[in-house]
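Chemist: Generate a structure from the sequence data that follows.
(one chain, ligands or ions: 2)
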Amino acid sequence: MKKIISATQTREADAYTIAHEPIASIDLMERASKAFVQRFMIEVPHKHTSIAVYCGTGNNGGDGLAVARLLNAEKYRNISVIILQHSFKTTPDFEENLRRLKKTSIQYEIIQDGMEFPPNQAEVIIDAILGSGLNKPLEGSIALWVEQLNGFEKNVIAVDIPTGMFADQLIDKDAVILKSDLVISFQRPKLNFLLPESSPFIKQWEVVDIGLDEHFIQHCVSDKVIIEEADIKEIIRVRDNFSYKGTYGHTLIIAGQPETMGAALLCAEASLNTGSGLTTAFIPASGLTALNSRLPEVMAIPDDHSKIDWKNYDAIAIGPGLGKNLTAKELLSLTLQNFRGSIVLDADALNMLSDDQLLFNLLPEQSIITPHVKEFDRLFGEHFSWHSRLITMQEQARERDLIIVLKNRYTIIATPNGSLYFNLTGTPAMATGGSGDVLTGVIASLLAQGYFAPQAAIAGVYLHGKAGCEIVRRMGINVIPASQLATEINKVMYSIVKHD
Ligand SMILES: NC(=O)C1=CN([C@@H]2O[C@H](COP(=O)(O)OP(=O)(O)OC[C@H]3O[C@@H](n4cnc5c(N)ncnc54)[C@H](O)[C@@H]3O)[C@@H](O)[C@H]2O)[C@@H](O)CC1
Ligand SMILES: [K+]
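Modeler: Ligands and ions are numbered 1, 2, ... in the order given. You can find the predicted model right below:
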């Protein structure tokens, strides 16, 4: 897991690295600028491209000056530098990089408050005006300049963070932020990159390593981490040589109505493909033919819930396509009262919980709920920002002893110990009906196999997203029909577990 750290902690990590590596501050800036340039050259390979580097007068601006010089050394021949002097404060590393720039052939101009902001013909703009030092929303001349730059509609590549965007504080609704096509960020993604509020301002972001002290960063106090593939390798076990179906548990899927049988099929198919020893689907009788023909491996209990022997199952997934009628409500209520194993609740099961607090209070400890944002707000009340959702997730996961999986481009998992896990796998191609039903089946199957609930949620979300990425990479498709996911997750699991 990689810790997500705040802007303040990043400054501390900078200072620690400078003191303990040790490395001079100016050399660390040079290293950061080199890392930026390496990635930039992949993005903008043509050396005759016209590039305008807009610099502030702090260390982000210092990076910009160093980047201009380094690109010049790489034979980019069409570089101009514009220094936006919104304040007369400069940092020593900015000053040193200005001295170094003056020794090159690069032209630069200084724009001060009240001066006209000249249009720019450059094809690419490098945004090095403000970085993680932002301490208040943009206003006055700097806000005007940024608005004018946004009006140019150029290809913008930001150094570390777009000018005007806080790294980890709430992005105000009318914040002025320089829109970027790519952000090349240092060492760690900023928290806001992972929340939808940053989306109007960032098309793509990438992180480059600038050699900050990783040991220091990993020891920072932070309740937010990024899931890595290595973590999943640690979680997922190889299937044992002498195992049989009984080794891997029995999942019961309670899902589907006659008109939403697809949800039940997708969920059951995911359970089957991610290793549950047995999978049974409780479905309407009208869905039997579909189930038997599409998933012959899956058993069924049609219609009659008195035939469910609750002690037969290790995990239950309930909700996909279930509806909210009286029968559905009775099924949910029976499950919560009778079942003693692990439960994943999704879709209509969540909507029923939102309508009935008493039912919600029946959720057993370590249950997993997998809401998307609307379901989340129905469950826990309307929220006006993702930062406030993060706080609610932490509180509710703690108080109710639940695992909350808030689905989004970067799905967030809250566990009862107060941690928030951010998952970076996945693709917008998965934002389509049925994708969530698959995730529910994956998590239930992992629970049935005996994985602890937080591990099942973390691994399930990662594998599900990774499968989507693999499909897009291999097939180059824009949208992934959810029915393609289950077998891909199966392959991803195989590639991730250690095979001797
Ligand atoms: N040694 C280091 O600390 C390193 C820093 N690096 C760069 O340094 C950046 C951070 O630099 P700084 O801390 O100097 O800060 P910035 O360059 O982001 O900002 C400069 C100054 O602008 C002022 N400011 C903040 N908000 C403002 C606003 N709304 N309107 C007008 N002025 C405002 C503040 O006084 C701030 O210190 C990082 O984003 C990164 O690009 C990298 O070079 C890596 C090493
Ligand atoms: K910037």
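
Chemist: can you give me the helices in the stretch 251-400 of the chain?
Modeler: 261-273, 288-294, 326-338, 347-355, 357-360, 373-380, 386-400 (DSSP state H, counting those that start in this stretch).

Chemist: Could you give the backbone dihedrals for the residue nearest to residue 208 when sequence neighbours are not counted?
Modeler: Spatial nearest neighbour of residue 208, chain neighbours left out: residue 35 (4.0 Å); criterion: C-beta to C-beta, 6 or more residues apart in numbering. No exception for glycine: its C-beta is placed from N, CA and C like everyone else's. Backbone dihedrals for residue 35, given as degrees, to the nearest 10, come out at phi -60, psi -40.

Chemist: Check what pLDDT residue 35 gets.
Modeler: Residue 35 is assigned 98 on the pLDDT scale.

Chemist: I'd guessed it sits against residue 185; true?
Modeler: No. Counting by C-beta atoms under 8 Å, residue 185 is not a contact partner of residue 35; they are 10.2 Å apart.

Chemist: ok, the closest residue to residue 13 other than its chain neighbours - contacts?
Modeler: Computed as C-beta to C-beta, 6+ apart, the closest residue to residue 13 that is not its neighbour in sequence is residue 212, at 4.6 Å. When contacts are counted by C-beta atoms under 8 Å, 6 or more residues apart in numbering, residue 212 touches 10, 13, 14, 16, 17, 186, 187.

Chemist: what's the distance between the helix or strand hosting the fifth one and the middle of its chain?
Modeler: Here residue 17 is covered by helix 7-20, with elements defined by DSSP states H and E. Its chain's C-alpha centre lies 25 Å from the corresponding centre of helix 7-20 when counted by C-alpha atoms, centre = their mean, to the nearest Å.

Chemist: Any chance of the contacts of residue 212 in TSV with neighbour count as columns?
Modeler: Listed next are the contacts of residue 212 as TSV, based on neighbours: other C-beta atoms under 10 Å:
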residue	neighbour count
10	22
13	20
14	22
16	18
17	22
186	26
187	22
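
Chemist: do you know how far the residue most central in space within the chain is from residue 57?
Modeler: In the chain, the centroid-proximal residue (C-alpha atoms, centre = their mean) is residue 410; its distance is 2.3 Å. Taking C-beta to C-beta, to the nearest Å as the measure, residue 410 and residue 57 are separated by 33 Å.

Chemist: Now do the same for residue 462: its pLDDT.
Modeler: pLDDT, residue 462: 98.

Chemist: In contact with the residue of the stretch 251-400 of the chain found nearest ligand 1, which residues are there?
Modeler: Proximity of the stretch 251-400 of the chain to ligand 1 (C-beta to the nearest ligand atom) peaks at residue 387, 19.0 Å away. Applying C-beta under 8 Å, 6+ apart, we find residue 387 in contact with 169, 170, 195.

Chemist: and what of residue 69?
Modeler: 97, 100, 101, 104, 106.

Chemist: Let's see that with 7 Å instead.
Modeler: Residues in contact with residue 69, defined by C-beta atoms under 7 Å, 6 or more residues apart in numbering, are 100, 101, 104, 106.

Chemist: Narrow these to those in strands?
Modeler: Secondary structure from DSSP state E places none of the contacts of residue 69 in strands.

Chemist: Enumerate the residues of the stretch 1-150 of the chain near ligand 2.
Modeler: Listed as neighbours of ligand 2 in the stretch 1-150 of the chain under the rule C-beta under 5 Å from the ion: 60, 127, 131.

Chemist: Adding mean pLDDT, write the helices of the stretch 251-400 of the chain out as JSON lines.
Modeler: Converted to JSON lines, those look like this (pLDDT from 0 to 100):
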{"stretch": "helix 261-273", "mean pLDDT": "98"}
{"stretch": "helix 288-294", "mean pLDDT": "97"}
{"stretch": "helix 326-338", "mean pLDDT": "96"}
{"stretch": "helix 347-355", "mean pLDDT": "97"}
{"stretch": "helix 357-360", "mean pLDDT": "96"}
{"stretch": "helix 373-380", "mean pLDDT": "98"}
{"stretch": "helix 386-400", "mean pLDDT": "98"}
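
Chemist: Could you dump the ones you listed into CSV and include distance to residue 229?
Modeler: Below are those laid out as CSV (distance: least, C-beta to C-beta, whole Å):
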stretch, distance to residue 229
helix 261-273, 19
helix 288-294, 31
helix 326-338, 34
helix 347-355, 28
helix 357-360, 35
helix 373-380, 26
helix 386-400, 24
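
Chemist: And the ones you listed: which comes nearest residue 110?
Modeler: helix 386-400 (36.7 Å; C-beta to C-beta).

Chemist: what's the angle from that closest one to helix 373-380?
Modeler: Put simply, helix 386-400 runs at 50 degrees to helix 373-380, going by axes from the mean of the first three to the mean of the last three C-alpha atoms, to 10 degrees.

Chemist: Surely residue 211 and residue 30 touch.
Modeler: No. Using C-beta atoms under 7 Å, residue 211 is not in contact with residue 30, being 11.1 Å away.

Chemist: of these two, who's got more company?
Modeler: Each of residue 211 and residue 30 has its neighbours counted (other C-beta atoms under 10 Å); residue 30 has more, 22 against 14.
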